[in-house]
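*Asks:* Show me how the following folds:
(chains A and B)
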There are 2 protein chains.
Amino acid sequence: MASKSNSVRINSLPGVRRLPFYLNILRRMRNGEPKVISAVTLAEEAGQAVSVVKKDIEMTGAVGKTGVGYDVAALIGDIERFLGWTDPYDAFLAGVGNLGSALLGYGGFKQYGLRFVAAFDADPEKVGEAIHGVEVMPLVKMPELGRRLRVSTAVLAVPAEEAQSVADLFVESGVTRIWSFAPIPLAVPEGVIVQREDLTAGLAELMVRCRNADQT
Amino acid sequence: MASKSNSVRINSLPGVRRLPFYLNILRRMRNGEPKVISAVTLAEEAGQAVSVVKKDIEMTGAVGKTGVGYDVAALIGDIERFLGWTDPYDAFLAGVGNLGSALLGYGGFKQYGLRFVAAFDADPEKVGEAIHGVEVMPLVKMPELGRRLRVSTAVLAVPAEEAQSVADLFVESGVTRIWSFAPIPLAVPEGVIVQREDLTAGLAELMVRCRNADQT
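*Replies:* Purely as a prediction, here's the structure:
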């Protein structure tokens, strides 16, 4: 029985969402000096409170040395392991419009273990193209390929009207993790996790923060 | 004096970030029946707790009728007004790589008042192109144009290495709201608000939520 219970709040787990930012800062330090970083310095770099940074990092199991800080390389490893980004995993993407194409070409994802093995689109004119090296296939091919390659992760970048039917297809293909850029809630069976991404959420936050700043 | 104090937590104001999602649901209802929606129904549609939805909506000043719910058209208006999305405003975009180009073509933004008037890129080969109808100009032209058009909002989609210098250019151009997709903190003068967007934050959250689900 499909349920909406898994289609989720965007802003849960805020600490988890901050980890990639710390990781970026740390990776940029990796090959240089110093080899250690204090929570205070990392907090300054990240524009966060020290207590927040410490709590976020604690979550990953990383341990710093009192009066010294964290070993940069070790901390990178701990965060990557916590996020499951040490082993690459295969992903599908559906919908190769502007956004979908940009996501296929976003070099950043590879650094996080995500590797696109195939893209899908309803438009026959797009089928057969290779976008950023990823072949575009007809939707009908998805279930067989997904089962064969055991693809667990999929990115949904189709218009709202098609989102539910493509999500159903993901599920039929064996996908258990759906990263959805569609602006509607999705009904999925238990055991399938939907992470909804909303590009306009940040814009909303920006507008309100500016108005608050103007009023003070 | 530049400071990092304005380069901000991604996950503050979670309620504000949820408003665009409600707005999407409501806009899809606008031309149909029913003309009213209860908090319970909206919560169900959005996959949120009723108490959360009520609190989020209260923030906008919208008032429902006991036992009836919210008038859909009125609620749309209240949310749009709260988010400052009733009046269109001009924006710049810098960095027309994959992500920047996709953002220029993202039809959704227009619905939220954001109108791109010019794009900028450091690559002379891209200058002069029109991407989704928006002309790409050399960075050097930005300050004069920004001052002349009184552009207050800018989207930063350049690589990390160029992010700070382009942010400086935004500030010089009179921009006071920077929506940054660069994976580094930016130093900006007081009065300039930076909203950082991180595409990998959602991926991090998805991975951790799946692991948690596996363990239960």
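*Asks:* so the residue most central in space within chain A bridges to which residues?
*Replies:* Nearest to the mean C-alpha position of chain A, counting by Cα atoms, centre = their mean, stands residue A:179 at 7.1 Å. Beta-bridge pairing of residue A:179 under DSSP bridges involves residue A:155, residue A:195.
*Asks:* quick one: it and residue B:206 touch, right?
*Replies:* Yes: in this structure, residue A:179 is within contact of residue B:206 by Cβ atoms under 8 Å, at 5.5 Å. For the C-beta atoms, the positions are set from N, CA and C on the backbone; glycine is no exception.
*Asks:* which residues are in contact with both of those two?
*Replies:* Any residue near both residue A:179 and residue B:206 by Cβ atoms under 8 Å, 6 or more residues apart in numbering or on different chains counts here, and that gives A:153, A:195.
*Asks:* care to break chain A down by domain?
*Replies:* According to automatic domain parsing, chain A comprises the domains A:14-82, A:89-201.
*Asks:* so of those domains, which one's packed in deepest?
*Replies:* domain A:89-201 (a mean of 19; mean count of other Cβ atoms under 10 Å in any protein chain shown).
*Asks:* Quick one: end-to-end distance for it.
*Replies:* Distance across domain A:89-201, first residue to last, is 28 Å (Cα to Cα, to the nearest Å).
*Asks:* what does stretch A:107-122 give?
*Replies:* From its first residue to its last, stretch A:107-122 covers 25 Å (Cα to Cα).
*Asks:* Wondering if it reaches chain B at all.
*Replies:* Yes: against chain B, stretch A:107-122 shows contacts by Cβ under 8 Å from any Cβ of the partner chain at A:108-109, A:112, A:114.
*Asks:* max-length strand in chain A?
*Replies:* Scanning chain A for the longest strand, with DSSP state E as the assignment, gives strand A:114-121.
*Asks:* So residue A:211 versus chain B, what's the distance?
*Replies:* Using Cβ to the nearest Cβ, to the nearest Å, residue A:211 is found at 6 Å from chain B.
*Asks:* Can you mark which positions in the one helix or strand in chain A whose mean pLDDT sits lowest are buried?
*Replies:* Every helix and strand of chain A was ranked by mean pLDDT, DSSP states H and E. The lowest is helix A:199-215, at a mean of 81. For helix A:199-215, burial by neighbour count (16 or more other Cβ atoms under 10 Å in any protein chain shown) applies to A:199-210.
*Asks:* Show me the two of those residues that sit farthest apart.
*Replies:* Within those, A:199 and A:210 form the most distant pair, 17.9 Å apart (Cβ to Cβ).
*Asks:* What ranges does chain A have for its helices?
*Replies:* With helices called from DSSP state H, chain A shows them at A:14-29, A:39-46, A:50-58, A:72-82, A:98-105, A:142-149, A:160-172, A:199-215.
*Asks:* Those helices: lowest mean pLDDT?
*Replies:* Comparing mean pLDDT across the helices of chain A, the weakest is helix A:199-215, with a mean of 81.
*Asks:* quick one: contacts of that helix?
*Replies:* Applying Cβ under 8 Å, 6+ apart, the set of residues contacting helix A:199-215 from outside is A:10, A:99, A:181, A:183, B:8, B:12-13, B:16-21, B:82-85, B:103, B:106, B:108-109, B:112, B:114, B:153, B:176-177, B:179, B:191, B:193, B:195, B:197.
*Asks:* what does stretch A:70-77 give?
*Replies:* For stretch A:70-77, using Cβ under 8 Å, 6+ apart, the contacting residues are A:23, A:26-27, A:29-30, A:34-39, A:42, A:57, A:62, A:64-65, A:86.
*Asks:* Let's see that stretch as CSV, backbone CA atoms only.
*Replies:* Output of stretch A:70-77 as CSV, limited to C-alpha atoms (Å, rounded to 0.1, in the frame of the first residue of the first chain):
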residue,chain,number,x,y,z
TYR,A,70,40.9,17.3,14.5
ASP,A,71,43.3,15.6,12.2
VAL,A,72,42.2,16.8,8.8
ALA,A,73,42.6,13.6,6.9
ALA,A,74,41.0,11.5,9.6
LEU,A,75,38.0,13.9,9.9
ILE,A,76,37.5,13.8,6.1
GLY,A,77,37.4,10.0,6.3
